[in-house]
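Trainee: please work out how this folds:
(2 chains)
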Amino acid sequence: MMLNVSANKPKPLGDDDNMIPLINIVFLMLIFFMVAGHIEKTDNIDVELPLSVSNDEISEQVIKLYIDNTGQMQLDAQPIAQAVLTETLATTLESSPQPASVHLLLQVDADFSAVELQHILSDVKASGIRRVSLATLLKNI
Amino acid sequence: MLLNLPAKPSRKAISLTPLIDVVFILLLFFMLSSSFVTYRQLPVPLPDASPNAGPVLLSVQVETGGSAITVAGKTVSIEQGAALQSLVAVQPDAVYLVSVTDAVTTQQLVKVMDALTHAGAEHVSLQGLE
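Mentor: Coordinates of the predicted model:
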C-alpha cells in the first residue's frame, strides 16, 4: 500500500500573511474588553451584594463602607471598628466642602444580619450623614 | 556634476510576531482585570425622627424568613402583589419604617423594601435602633 505523504508537507515558516486574520480578531477582542469592561480597585473584603430590582445608578462621589457577613467593616479600604464609626464619619462630614452632598454607600453582604445593619445605620445617622444607600446587584426579572 | 547619493534603503517588512505578543498580553490584562458587574443602589433615607411635625410613620415588621410583613396589625405575604398594593394604597405617602428581627438577613430586608417600593410606597426606610 502506498501512503500519500506529500499532503503532510509542512508549510514554510516565517510567513506572517496568514496571521493577519488572527491579529484582526485579537484586536477586536482587545477593543471590546477595553471599551465594555471597566477596571476598578479590587475590594480586599469579601462582600456578596444583595440582589434588588432597584435600578438607580451609583453616583461617582460616594464614601464606601464595606461590611462582610461576619460584621468586619472597611471605610474606603481602611478597616474600621464600629465603636469609632460615628466619630470617623462625623469628621469626614465636617471636612467636606459640601456636607449636604456627602453620600454614603453601604456595600453590605447579603447574608449579613439585618438587625446588625440597623445598629450600624443608627451610628451612621448619629454622625449626621443623611444620604445613605445600599449597594445592590441588579436582578434580572 | 554627478552626486554620489546613497542608495535608498530597501524597506524591509516588519515582523508581526512581537506586535502580536504585546497585543496578546494587553488582551489578557483587559480580559482578567475588567469587570462587567452592574452595581445599583437602593436609597435608605434616614429621616430625623420628629413625631410632632412630619409625615405619618408606619412601622413594618418583617416576619422570620422574610416572606411576610406585618403593617398596622395586618400580615401580608410579599409575594402577593395585589394584597400589598391595596395595603400601601391607603397611605402611599407615609414613611414605611421597616424593622427586623434577629433571623432576617440583609437580602430579605432588601427584598421587603423592593416589594414595598413596587407596591407604591413612596418613602421606605429603616427603623432606627436606639
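Trainee: quick check: B:Ala103 touching B:Glu63?
Mentor: No: counting by Cβ atoms under 8 Å, B:Ala103 does not reach B:Glu63; the two are 9.6 Å apart. C-beta: built from backbone N, CA, C; applies to glycine.
Trainee: those two: which has the busier surroundings?
Mentor: Neighbour totals were compared for B:Ala103 and B:Glu63, and B:Glu63 leads with 19 against 14 (other Cβ atoms under 10 Å in any protein chain shown).
Trainee: do a quick rundown of the helices in the chain.
Mentor: The chain I'm using is chain A. A:20-36, A:85-95, A:114-127 (DSSP state H).
Trainee: meant chain B actually
Mentor: Using DSSP H, helices in chain B cover B:17-33, B:81-90, B:106-118.
Trainee: mind putting those helices into JSON lines with distance to A:Ile80 and mean pLDDT?
Mentor: What follows is the helices of chain B, written out as JSON lines (distance: least, Cβ to Cβ, whole Å; pLDDT from 0 to 100):
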{"stretch": "helix B:17-33", "distance to A:Ile80": "27", "mean pLDDT": "89"}
{"stretch": "helix B:81-90", "distance to A:Ile80": "37", "mean pLDDT": "78"}
{"stretch": "helix B:106-118", "distance to A:Ile80": "18", "mean pLDDT": "85"}
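Trainee: what is the burial count for the residue in chain A that chain B sits nearest to?
Mentor: Closest to chain B within chain A is A:Gly37: 2.3 Å, counting by Cβ to the nearest Cβ. When neighbours are counted by other Cβ under 10 Å, A:Gly37 registers 16.
Trainee: OK, contacts around it?
Mentor: B:30, B:33-36 (Cβ atoms under 8 Å, 6 or more residues apart in numbering or on different chains).
Trainee: just B:Ala94 next, same as before
Mentor: B:55-58, B:121, B:123.
Trainee: re earlier: among the contacts of A:Gly37, which are within reach of chain A?
Mentor: Contacts with chain A within the contacts of A:Gly37, as defined by Cβ under 8 Å from any Cβ of the partner chain: B:30, B:33-36.
Trainee: alpha carbons only: can I get the longest strand seen in chain A in PDB?
Mentor: Longest strand in chain A, counting residues (DSSP state E): strand A:131-138. Presented in PDB, the C-alpha positions along strand A:131-138 are these (Å, rounded to 0.1, in the frame of the first residue of the first chain):
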ATOM      1  CA  ARG A 131     -27.800  60.400  52.200                       C
ATOM      2  CA  VAL A 132     -27.300  56.700  52.600                       C
ATOM      3  CA  SER A 133     -27.900  53.900  50.200                       C
ATOM      4  CA  LEU A 134     -27.300  50.200  50.000                       C
ATOM      5  CA  ALA A 135     -25.300  48.800  47.100                       C
ATOM      6  CA  THR A 136     -27.200  46.100  45.200                       C
ATOM      7  CA  LEU A 137     -26.800  43.900  42.200                       C
ATOM      8  CA  LEU A 138     -29.400  44.300  39.500                       C
END
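Trainee: list the helices and strands it packs on?
Mentor: Packing contacts for strand A:131-138, counted by 3 or more Cβ pairs under 8 Å, 6 or more residues apart in numbering or on different chains; DSSP states H and E, involve strand A:51-52, strand A:103-108, strand B:39-43, helix B:106-118.
Trainee: out of the ones you listed, nearest to A:Leu137?
Mentor: Closest of these to A:Leu137 is strand A:51-52, at 5.3 Å (criterion: Cβ to Cβ).
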